[in-house]
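Colleague: turn this into a structure:
(one chain, ligands or ions: 1)
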Amino acid sequence: MALRNVRIDGDEILRKKSREVDKIDERILTLLDDMVDTMYEKDGIGLAAPQIGILKRLVVIQVDDENLYKMINPKITKSSGEDVDAEGCLSVPNRRGEVPRPTNVTVEYTDVNGNLQTMDTEGLLARCACHEIDHLDGVLYIDKMIREIEDDEK
Ligand code: ZN
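Modeller: A predicted model of the protein is given here:
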C-alpha cells in the first residue's frame, strides 16, 4: 500500500488533459491500487489520476460499501436528465458547491483485466463518474458550480 500526495487547486497539473492508457501493465495496476488507498485515506468517494499528479486516464470510484470501480480510459457515452446536488473535491479542500449533472449516465471503460465494460449509472454514482471524468480533461467542479455552499450550511 502506498499513499500519494493529492494535488490542490492552483496546481497547474489539475488543468491539463490526461492521456489514454494503451497498455495495462504492473505500473498501471499499482497506480490504481495507490489511488484506491489514497481515496480511502482521505475519505473520498472518487479519485482521478491527475489529482495525484499523473496525467493518465485512470479513475477510481467507490460510493457505497460494496462496489469499487477501477476504470481505465473511462468515457461518458450517453447521458440524460439533470439534477443539482452538492459536491466537494479532495483537490478543493474546505469548499462545497451545488453542481448540475445528468441524472443518468452510461460510462464505458476498460477494467483491470483489459475487458471493455459498459455501465449504466444514476444518482450519486453518475454524479461521481462525471466529476472524476471531468478531472481527466482538466475540469474541476468549481468551474460548473452554480452556487457555493457557505460554511454555516455545511
Ligand atoms: Zn474531484
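
Colleague: low-confidence regions, this structure specifically.
Modeller: Scanning the chain for pLDDT under 70 picks out 154.

Colleague: and the longest strand for this structure?
Modeller: Longest strand in the chain by number of residues, with DSSP state E as the criterion: strand 69-80.

Colleague: could I get the CA-only coordinates of that strand as CSV?
Modeller: C-alpha atoms of strand 69-80 as CSV (Å, rounded to 0.1, in the frame of the first residue of the first chain):
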residue,chain,number,x,y,z
TYR,A,69,-14.6,0.6,-9.6
LYS,A,70,-11.1,0.9,-11.2
MET,A,71,-11.6,2.5,-14.6
ILE,A,72,-9.1,2.7,-17.4
ASN,A,73,-9.9,5.2,-20.2
PRO,A,74,-13.5,5.9,-18.9
LYS,A,75,-15.8,8.0,-21.1
ILE,A,76,-19.4,9.0,-21.0
THR,A,77,-21.2,7.7,-24.0
LYS,A,78,-24.8,8.6,-23.1
SER,A,79,-26.4,10.9,-20.5
SER,A,80,-29.9,12.2,-19.8
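
Colleague: please list the residues outside the following helix or strand past it that contact it.
Modeller: Downstream of strand 69-80, the next assigned helix or strand under DSSP states H and E is strand 83-89. Residues from elsewhere that reach strand 83-89 (C-beta atoms under 8 Å, 6 or more residues apart in numbering): 9, 95-103, 123, 127, 131, 140-142, 145-146, 149. Glycine gets a C-beta too; all of them are placed from N, C-alpha and C.

Colleague: inside helices: which ones of the residues you listed?
Modeller: 123, 127, 131 (DSSP state H).

Colleague: weed out the non-buried ones from those.
Modeller: With burial judged by 16 or more other C-beta atoms under 10 Å, the buried subset of the ones in helices among the contacts of strand 83-89 is 127, 131.

Colleague: so which residue is dead centre in the chain?
Modeller: In the chain, the residue lying closest to the centroid (C-alpha atoms, centre = their mean) is residue 132, at 2.1 Å.

Colleague: next, find the distance separating that one from residue 112.
Modeller: According to C-beta to C-beta, to the nearest Å, residue 132 stands 16 Å off from residue 112.

Colleague: nothing else from me, thank you.
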